[in-house]
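Enquirer: what would the 3D arrangement of this be:
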Amino acid sequence: MSSYADRLHALREQLKRDRLDGFVVPLTDEHMSEYVGAYAQRLAWLTGFQGSAGSAVVLSSEAAIFTDGRYTLQVRQQVSADDWQYVPVPQVSIAGWLGEHAPEGGRIGYDPWLHTRAWVEEARKALAEKGAELVAVDTNPVDSVWPDRPAPSDSTLRVQDDAAAGRTSAAKRAEIAEWLSARKADAVVLSALDSIAWAFNVRGDDVSHTPVALAYAIVNADGTADLFVAPEKITDAIRQHLGNAIRVHDRAAFAPALKGFAGKRVAADPERAVAAIFDSLDAGGAKILGLRDPVVLAKALKNPAEIAGHKAAQARDGAALVRFLKWFEETAPAGGLTEMSAADKLREFRDQTGVLKDLSFDTISATGPNGAIPHYKVTDESSLPIELGQLYLVDSGGQYADGTTDVTRVMPVGEPSPEMKDRFTRVLKGHIGIATTIFPDGTTGAQLDSFARAPLWEVGLDFGHGTGHGVGAYLSVHEGPQRIAQPFYPGGQSLEPLRAGMFLSNEPGYYKAGEYGIRIENLVLIVEAEIAGAEQPMLTFETLTFAPIERRLIDPALLTPKELQWVNAYHARVLEVVGPQLGEEERQWLEAKVAPIG
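Expert: I've put the predicted structure just below:
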C-alpha cells in the first residue's frame, strides 16, 4: 500500500467487515517475545514505528500509539501525528485509554494469541464500565489487509552442543520434572522461545538477531516432553539430538493438545503464556497453576561452561570493537562517513572473526541528535552524516556460539565541548558506581539503580531507561528476570533478587534532546565478594566487556582517586585481554588509548 495512512484506512474497512469498532495491535508474537520475526511485525507495518516495544489501538474515528519514555522522540519521528495520538506508558494504560475512548456499546477486537490473560481481564473490565465489549478474533484483521506479509521462517533447528550448553537437555528436563513434582503438577507449558531453546539445547534462525526457533513445548512430570514445531524445521541431526524422550509434533497440534489435560494440574506462566493458551487449557478441563516458567531463573543462573564461553566471546568481540574504534577515530574527522556506513564497517570487523553467527540486535549507530534517542535504529532514510563537533554513539553486539555480547561506546568527532566532557564523566562515575558496588545476597536491581544516577542527579540530570538488563548465553540479548532499574521503569520486573551467576548490563547514560547522547555499557557477571570478617554472603560484579573508554571525553578532575584507579585498572585489563589479538599498529593505538590517566 502506498502510505501508512492507506494501511490505517484499510484496517478500518476490515474492522467494519468484521463488525468491530476497534482493534488492539501489540508489538509481540504468540510467544510474548520482545523481538519478533518479520511475519509478526504488525505494528511496524501499520504505523511505521521501528522501536522494540509499543502497542496501538485503532478505533473508527481515532487511533493511538502507546510507547514508553525510551521512544518519546523516536515515535514522533516515525509515526504521523496526522493519524495517530502519542500516548505515554506506563502513565496511561491501554485498558484505561480504551475505557475512556471506546464507543458506548462498542466491540473492540483483540488477538488472544498476542496478549496475556491479565491484560485481557484488565481491558475487559475497563470496557465493561463503558458498556463496551472485548471480542477475541479468530483471524487477525491486520493480517487480512497486509498483502505482502512475510511467511514465518522455515529455517531448520540447530543443535547447541552440550559442551557449550554446560548441561544436557535430559538433565535440564529432569530438573523441571523435580520442580513439577514439588508442586504436585503433571506438566508445564513452555511458550517463551528462549526457554524452549535452553531446555532442549537447540537454536534457530526464526527471529532476527535472536537464535531461537518458533516452537511450543510441554514438559511432563516424568521428564519426557512434547515439542510442537513445523515438520520442515526438524532434521535427522535434531531428531537424534532430541532422542526418544521428546515427542515431536506439528506446531498446529499445540492448541488441540492443550485440551487433553482434563483433570490434570498444568503450570503455565501468566507473564509469558498468551491468553489463548489459558483458554485452551480451561476448555479442556485442566487445573491451571499460574506459575513462573521454571526455565526463567535456571537459564539466568549461568553455569561454568556458559561463563567460560561468554568470556571467550567477549575477548573476541572486544578485539573487533577496538579495530573499529581505531578505524573510526582515524576516518571520521575527514568526513564522508554516515551512521549506516559506520554500522556496516563495525559488522565487517565482527565478520572478520570468522565465527560471528549474527548481530545480537540492530546496531544503534547514532550521531548528534540521533544519539539522544536511546533505542534509535538507523535506516537508509534516517542515516545522518557524521560531522565534526558531534558525539558518535554506537551500541552493538554479536551472537557467537559461545556467547552473546552487548557494548556501548561514545567517540567524539573532533574536539568535544566542556559540557560533553562533564556529562560523559558523570555517566562514567555512575558506571563505576555499579561496577564496584558490593551488596548483600538477595539485593534487587531496584536497590542498586540509584548508584548509577547519583552523579547526574547532583546537577539535576537523569536518564529515562533502566541501568541494566539480563543477557542470555547465545540467546536473547535481553533476558530476565534480573534487571537494574527503578521499579516503575518500563522493560519488566526489577524486584528480582540478584544472584551469583547472572549476567547483566551496566549502561547508564545521558541524552540531550536534539544534540547528543551518551551511554557507557559493559556486561558484568554477579560473583561472590570475598570480604574478611563478613557476617553474611555478599556479592559484587565482575566486568566482562573489554574495550577502551574514550579518554578525550573524561574530565579527570571530576573523578575521585578510587574512580581514577578503577579506570586505570580497567584499561590495563583491556590491554591484557585484547592486546594479544591485535597487530602491531593496532596494539600501539590501544596502548595509547589505555595509558594511565592522571
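Enquirer: pLDDT at the spatially closest residue to Ala245 that is not a sequence neighbour, what is it?
Expert: Counting by CB to CB, 6 or more residues apart in numbering, Ala245 lies nearest to Thr224, which is 4.8 Å off, once chain neighbours are set aside. To be clear about C-beta, it is placed using only N, CA and C from the backbone, and glycine gets the same treatment. What the model reports as pLDDT for Thr224 is 97.
Enquirer: what sits against Thr224?
Expert: 173, 245-247 (CB atoms under 8 Å, 6 or more residues apart in numbering).
Enquirer: between these, which is nearest Gly318?
Expert: Arg173 (35.3 Å; CB to CB).
Enquirer: if I look at that closest one, how far off is Gly204?
Expert: Per CB to CB, to the nearest Å, Arg173 is found 19 Å from Gly204.
Enquirer: returning to what we had before: buried ones among the contacts of Thr224?
Expert: Buried members of those, scored by 16 or more other CB atoms under 10 Å, are 173, 246.
Enquirer: just the contacts of Thr224: which are in strands?
Expert: Secondary structure assignment (DSSP state E) places 246-247 from the contacts of Thr224 within strands.
Enquirer: return the alpha-carbon coordinates of whichever strand or helix holds Ala592 using CSV.
Expert: Element membership for Ala592 (DSSP states H and E) is helix 584-593. Presented in CSV, the C-alpha positions along helix 584-593 are these (Å, rounded to 0.1, in the frame of the first residue of the first chain):
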residue,chain,number,x,y,z
GLU,A,584,51.4,-4.1,16.0
GLU,A,585,49.9,-0.9,14.7
GLU,A,586,46.5,-1.7,16.4
ARG,A,587,48.2,-2.6,19.6
GLN,A,588,50.1,0.7,19.7
TRP,A,589,46.9,2.6,19.2
LEU,A,590,45.3,0.7,22.0
GLU,A,591,48.3,1.2,24.3
ALA,A,592,47.9,5.0,23.9
LYS,A,593,44.1,4.8,24.5
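Enquirer: quick one: contacts for Pro455?
Expert: Contact analysis of Pro455 by CB under 8 Å, 6+ apart lists 426-427, 429-430, 433.
Enquirer: what's the answer for Thr444, then?
Expert: 494-498.
Enquirer: what would the residues you listed look like in CSV with neighbour count?
Expert: Shown next, in CSV, are the contacts of Thr444 (neighbours: other CB atoms under 10 Å):
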residue, neighbour count
Ser494, 25
Leu495, 12
Glu496, 19
Pro497, 15
Leu498, 23
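Enquirer: Ala215: which of those is nearest?
Expert: Glu496 (25.8 Å).
Enquirer: what's the closest non-adjacent residue to that closest one?
Expert: Pro481 (4.2 Å).
Enquirer: surely that neighbour is within a helix?
Expert: No - the assignment for Pro481 is strand, going by DSSP: H, G, I helix; E, B strand; the rest coil, so no helix is present there.
Enquirer: give me the neighbour count for Phe439.
Expert: Per other CB atoms under 10 Å, the neighbour tally for Phe439 reads 17.
Enquirer: next, give phi and psi for the spatially most central residue of the chain.
Expert: Geometric centre of the chain, nearest residue: His478, 3.1 Å, by CA atoms, centre = their mean. For His478, the backbone dihedrals are phi -110, psi 110 (criterion: degrees, to the nearest 10).
Enquirer: go ahead and confirm it touches Gly470.
Expert: Yes - the pair His478 / Gly470 is scored as a contact, 7.1 Å apart, by CB atoms under 8 Å.
Enquirer: now the helices for the stretch 301-450 of the chain?
Expert: 304-331, 339-351, 418-435, 445-457 (DSSP state H, counting those that start in this stretch).
Enquirer: quick one: average pLDDT of the last one?
Expert: Right, the one you point to is helix 445-457. Here the average pLDDT along helix 445-457 is 97.
Enquirer: same deal with the second one?
Expert: For helix 339-351, the per-residue pLDDT values average out at 98.
Enquirer: that helix packs against which elements?
Expert: Helices and strands touching helix 339-351, by 3 or more CB pairs under 8 Å, 6 or more residues apart in numbering; DSSP states H and E, are helix 304-331, strand 364-367, strand 391-396.
Enquirer: need the contact partners of stretch 271-279.
Expert: 30-32, 112-117, 119-120, 136, 189, 191-192, 195, 255, 258, 268, 288, 292-293, 296.
Enquirer: same question for stretch 320-339.
Expert: Residues outside stretch 320-339 that contact it (CB under 8 Å, 6+ apart): 342, 345-346, 349-350, 352-353, 365-367, 370, 378, 382-388, 392, 394, 396, 398, 407, 409, 411, 413-414, 547-548, 578, 582, 586, 589-590, 593.
Enquirer: buried set for that stretch?
Expert: Within stretch 320-339, the residues scored as buried using 16+ other CB under 10 Å are 320-329, 332, 337-339.
Enquirer: can you tell me which two in these are farthest apart?
Expert: Spatially, the most separated pair among those is Val322 and Thr338, at 21.9 Å (CB to CB).
Enquirer: quick one: buried ones out of the contacts of stretch 320-339?
Expert: Looks like the contacts of stretch 320-339 have 342, 345-346, 349-350, 365-367, 370, 378, 382-384, 386, 392, 394, 396, 398, 407, 409, 411, 413, 547-548, 578, 582, 586, 589-590, 593 buried, using 16+ other CB under 10 Å.
Enquirer: any idea which of the helices of the stretch 301-450 of the chain gets closest to Gly284?
Expert: helix 304-331 (36.8 Å).
Enquirer: now the closest one against helix 339-351, angle please.
Expert: If you take axes from the mean of the first three to the mean of the last three CA atoms, to 10 degrees, helix 304-331 sits at 130 degrees to helix 339-351.
Enquirer: I'd like the average pLDDT over helix 304-331.
Expert: On average, the pLDDT along helix 304-331 is 98.
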